[in-house]
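Colleague: task: produce atomic coordinates for the following.
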Amino acid sequence: MTKMTTETMTQTPPTPPKRTNANTSEAGDFMNRGSKGYISQIRSGIRYVTATRQIATSNTHSDTLLKHSKAELDSHADTTVAGSTYRVLEYTEKSCDIHPFSDDYEPMKQVPIAKVATAYDDPSTGETYILIFGQALYMGQSLDHTLICPNQARANGVVVDDVPRHLSYDGKSSHSIYFPSENVRIPLSLKGVISYILTRYPSQRKVNNCQWLIVTSDNDWEPYDESFQEKEDQLTPSVHLRVSDICTISTLKNHDLPTDIYQGCSIISTVSSSVRHLTVTDKMIASTFYCSPNIATKTRQVTTQRGLRSMTDHLCWRYRTKHDALRYNQLGGRHGRFYSDTLFASEKSLHGNTVAQIFANDIGYTYLMPMKSKSEAPYALKEFIQDVGIPSQLHTDDAKELTIGRWKEICQTHGIKQTQTEPHSQFQNRAEINIREVKKLSRRLMHSTNSPKRLWDLCAKHVAELRCLTAQPLYSLHGRTPFEMVTGNTPDISEYISFQWYQPVWFFDNTSFPEPTKHIARWIGVAHNIGQAMCFWVLPSSGIPIARSTVQSITEAELRDPSVQSRLQSYD
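Modeller: Residues are numbered from 1 along each chain as shown. Presented below is the predicted three-dimensional model:
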C-alpha cells in the first residue's frame, strides 16, 4: 500500500495535453489530504488514441528539481504510475480512465500514457542516471510518489529482485534493480515492507547528458495479454488451475482503518488496467484523406497508427527518429507468425560458417542465414527483418541466444511478440521441419553434383530460396507460392531457372591482354544485394566465390569438346 498526498509547488512539471472531458487538475480530488477514503484498488480502463504523439516541455522551479520522492515496487500495479518528480519526454497517442473500486469516487478521465524520465543519484559513486519509463500512466502533481510495476520492468529484460536480504530463503537476494546490458545495479531500500528507490525531477541538462537506463519499454504494454499465462504454463505443465480462478478480492471499509492514522489521506494498494482501444476518429480521417465517413471508418479499421506525434508549447529538442517498427514491412495475417531454430553443420564452410539460422512459417516460407557461430543469431534476425519484414510473432526454443540479450532487444524494438516451446518438445517448432527438408534436398544436390562439402552454406541457402518460390500442394497456399502469400508480390524466378546448382558455366572477367576473358567456373547461387538483378555467385578455379552478372551455361556441344573437358577436369 502506498499513501498519497498532494503538495503545492512553486511551479509544476509538464502537464498532459488538453483533451475533451479531461481534467487532470481534478485527478487528485478523491486522493488528497482532505479525503477520508480507503481505496482497495484502482483500475485504469480502456486506452484511447488521441490522434497525436506529443513532446512535452516545461519550465520547472529549482525547488522541484531538488525534491526527492519514492519510486515504490508494487506487485499490484499492472502498469507503472509516474508522479510529480517525473519529466514527460513524450506523450503517446493513448490515454485511459482510472476507476477506483469504490462507489464514493468518480473515475479519473483520460489519464495520459507517456514516456517519462526521472533522475537517480547513486549514493556510492555520486553518478546520476536517468531512469526511462515507457508506457507509464502519468499522474503529474496528483501523485507525489511513483508505483513501479515489477513485471513490466522484467518484460523489458530488467532484473528486479525485490526480496529483502533478511527475508531471502537462500540468502542470495541482491534486493536491487539490475540492468544487464549496462551492468548497472541500483540497490533497493525499505520503508516497512515496501521496497523503493529515491528519485528526483531531472533537469533538461541531466536528461541530455546523463546515462539513460530503460526500465520499461516503449512498446505497447498489454498487462492482461494471455501470452503471460501461456508462457507460465509452458514452464509449469503440471499446474492446471490458475490463481485467478480461485482468488477473490476483498475490500476494506473505512471503519476498518485506524482513523487517527489514516485521517486526511488516501491509500492506493493496486493499479489495474484493461485492454487498450484505439479512438482515432473517423471525422479526422475523412477530413485528412478527403473521403466519405464510411470510407474513413473502413480505413481506420484496416490501418495502424504507430507513429503519431505533434508538439506542445515550443520545440525544445529533436523528435526521436528511431521508428524501426515503421521502417520495414509488417508480416501480419495468419502467416505472419514465424518459427526459428539453428541448423548445425559438421564442416566449416568456405566463408567460415558452422551454423545457420532458419526462419520459417506454417506454409513453408524459409529464410536461411549462415553464421560463424550461434551467438550471431541476433544479426540473422536483423537481416531477416530487413530482407523480408517484421513477423507478428516469433516462436523459438529456450536457447539463450534466442530469448535474451540482443535477440530480445531486437524483438522489443520492432514490437515482435516472443513465444517459446516447452522443454524437450522440438515438435512444437515448425522450423525443425524446415531444417529437415533443407538438409534433405541440400544433401541430394551436393551428392548428385559431387560438390565440395565446404559449400554447404551456399547450397542450403539456395535450397531455402527455392522452397519459397515453389507452389507446394498445400491447401493454405491456394495454388500460390509461399513468397507471394507472405509478401503479397508475385515472384519472378528468372534468376533461378537459368542455372542449376554447381552447374559448369562460363563467366566474363576483364584480364590483361592477351589472356582470355572467358573463364570456366561453377554456379553456386543467386547473389542478392550485389549489383543489379541477374547477378550470380560463381566458383572460379581459385576456389574463392565471386559475384558476376555475365554468366553463360556451357552447352552440351561444348561439354563434348575435348579441350573444354580437359579444362573442366583441370578445374575439378
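Colleague: can you name every helix or strand that the helix or strand hosting residue 297 contacts?
Modeller: Assigned by DSSP states H and E, residue 297 belongs to helix 293-301. Judged by 3 or more Cβ pairs under 8 Å, 6 or more residues apart in numbering; DSSP states H and E, helix 293-301 is in contact with helix 282-289. C-beta here means a position set from N, CA and C on the backbone, and glycine is covered the same way.
Colleague: before we move on, the earlier item: pLDDT on the helix holding residue 297, on average?
Modeller: Per-residue pLDDT over helix 293-301 has a mean of 82.
Colleague: element containing the closest residue to residue 401 other than its chain neighbours, please.
Modeller: Take residue 401 and drop its neighbours on the chain: the residue closest to it by Cβ to Cβ, 6 or more residues apart in numbering is residue 377, 4.7 Å away. Here residue 377 sits within helix 377-387, counting by DSSP H and E.
Colleague: same check on residue 88?
Modeller: Judged by DSSP H and E, residue 88 forms part of strand 87-100.
Colleague: C-terminal to that strand, what's the next element?
Modeller: strand 108-121.
Colleague: okay, now the domains of this protein?
Modeller: 2-226+234-272, 282-316, 330-491, 495-571 (automatic domain parsing).
Colleague: can you put those in CSV and add mean neighbour count?
Modeller: CSV is the format used below for those (neighbours: other Cβ atoms under 10 Å):
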stretch, mean neighbour count
domain 2-226+234-272, 17
domain 282-316, 13
domain 330-491, 18
domain 495-571, 14
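Colleague: residues in contact with stretch 450-458?
Modeller: Residues from elsewhere that reach stretch 450-458 (Cβ atoms under 8 Å, 6 or more residues apart in numbering): 345, 347-351, 353, 356, 370, 442, 445-446, 459, 501-502, 522, 524-525, 537, 539, 545.
Colleague: hang on, the earlier thing: quick check: the gap between the residue nearest to residue 401 and residue 340.
Modeller: 8 Å (Cβ to Cβ, to the nearest Å).
Colleague: which neighbours do the two share?
Modeller: 357, 402.
Colleague: low-confidence ranges in the protein?
Modeller: 1-66, 99-104, 237-279, 304-325, 512, 515 (pLDDT under 70).
Colleague: bridging residues for residue 505?
Modeller: Note on residue 505: beta-bridge partners by DSSP bridges are residue 521, residue 553.
Colleague: now do the same contact list for it.
Modeller: By Cβ under 8 Å, 6+ apart, the contact list for residue 505 reads 499, 520-523, 538, 551-554.
Colleague: can I get these in CSV with distance to residue 284?
Modeller: Rendered in CSV, the data for the contacts of residue 505 read as follows (distance: Cβ to Cβ, whole Å):
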residue, distance to residue 284
499, 54
520, 65
521, 60
522, 60
523, 55
538, 56
551, 54
552, 58
553, 59
554, 64
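Colleague: for the residue nearest to residue 508 when sequence neighbours are not counted, give its distance to residue 134.
Modeller: Spatially, and ignoring its direct neighbours in sequence, residue 508 is nearest to residue 550 (3.8 Å; Cβ to Cβ, 6+ apart). Between residue 550 and residue 134 the distance, using Cβ to Cβ, works out to 52 Å.
Colleague: do residue 353 as well
Modeller: Taking Cβ to Cβ, one finds residue 353 at 37 Å from residue 134.
Colleague: now do residue 179
Modeller: Taking Cβ to Cβ, one finds residue 179 at 15 Å from residue 134.
Colleague: same deal with residue 190?
Modeller: Counting by Cβ to Cβ - residue 190 and residue 134 are separated by 27 Å.
Colleague: ok, now which ones touch residue 432?
Modeller: 341, 426.
Colleague: and the next helix or strand past the helix or strand hosting it?
Modeller: Using DSSP H and E, residue 432 falls within helix 431-449. The helix or strand immediately downstream of helix 431-449 is helix 456-468, counting by DSSP H and E.
Colleague: so that following helix versus helix 431-449, what angle?
Modeller: 110 degrees (axes from the mean of the first three to the mean of the last three Cα atoms, to 10 degrees).
Colleague: how far off centre is the helix or strand following helix 456-468?
Modeller: Note on helix 456-468: by DSSP H and E, the next helix or strand toward the C-terminus is helix 482-487. Relative to the centre of its chain, helix 482-487 is centred 23 Å away, using Cα atoms, centre = their mean, to the nearest Å.
Colleague: same for helix 482-487, what does it pack against?
Modeller: Helix 482-487 sits against helix 456-468, with contacts defined as 3+ Cβ pairs under 8 Å, 6+ apart.
Colleague: where along the stretch 101-250 of the chain do the helices fall?
Modeller: Counting by DSSP state H, counting those that start in this stretch, residue ranges of the helices within the stretch 101-250 of the chain are 150-154, 204-209, 227-235, 243-246.
Colleague: which other helices and strands contact the second one?
Modeller: Contacting helix 204-209 under the criterion 3+ Cβ pairs under 8 Å, 6+ apart are the following elements: strand 128-138.
Colleague: what packs against the strand it packs on?
Modeller: Using 3+ Cβ pairs under 8 Å, 6+ apart: strand 128-138 touches strand 81-82, strand 87-100, strand 108-121, helix 204-209, strand 211-216.
Colleague: how about these in a markdown table, adding distance to residue 280?
Modeller: Listed next are those as a markdown table, based on distance: least, Cβ to Cβ, whole Å:
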| stretch | distance to residue 280 |
| --- | --- |
| strand 81-82 | 25 |
| strand 87-100 | 8 |
| strand 108-121 | 15 |
| helix 204-209 | 30 |
| strand 211-216 | 24 |
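Colleague: residue 227 is nearest to which of the ones you listed?
Modeller: strand 211-216 (17.2 Å; Cβ to Cβ).
Colleague: so that closest one versus strand 128-138, what angle?
Modeller: Using the same axes, to 10 degrees: strand 211-216 against strand 128-138 is 30 degrees.
Colleague: who's in contact with strand 211-216?
Modeller: Residues contacting strand 211-216 (Cβ under 8 Å, 6+ apart): 80, 117, 120, 127, 129-136, 148-149, 152-153, 155-156, 158, 177, 179, 182, 184, 186.
Colleague: roughly how far apart are residue 181 and residue 152?
Modeller: 17 Å.
Colleague: what's the spacing between residue 442 and residue 356?
Modeller: 10 Å.
Colleague: quick check: neighbours shared by the two?
Modeller: residue 460.
Colleague: which ones among the contacts of stretch 450-458 lie within strands?
Modeller: Those of the contacts of stretch 450-458 mapping onto strands are 356, 370, 522, 524-525, 537, 539, per DSSP state E.
Colleague: for these, which two are the farthest from each other?
Modeller: Farthest pair in the ones in strands among the contacts of stretch 450-458 (Cβ to Cβ) is 356 and 522. Separation: 20.8 Å.
Colleague: check which helix or strand the residue nearest in space to the middle of the chain maps to.
Modeller: In the chain, the centroid-proximal residue (Cα atoms, centre = their mean) is residue 412; its distance is 1.7 Å. Assigned by DSSP H and E, residue 412 falls within helix 405-413.
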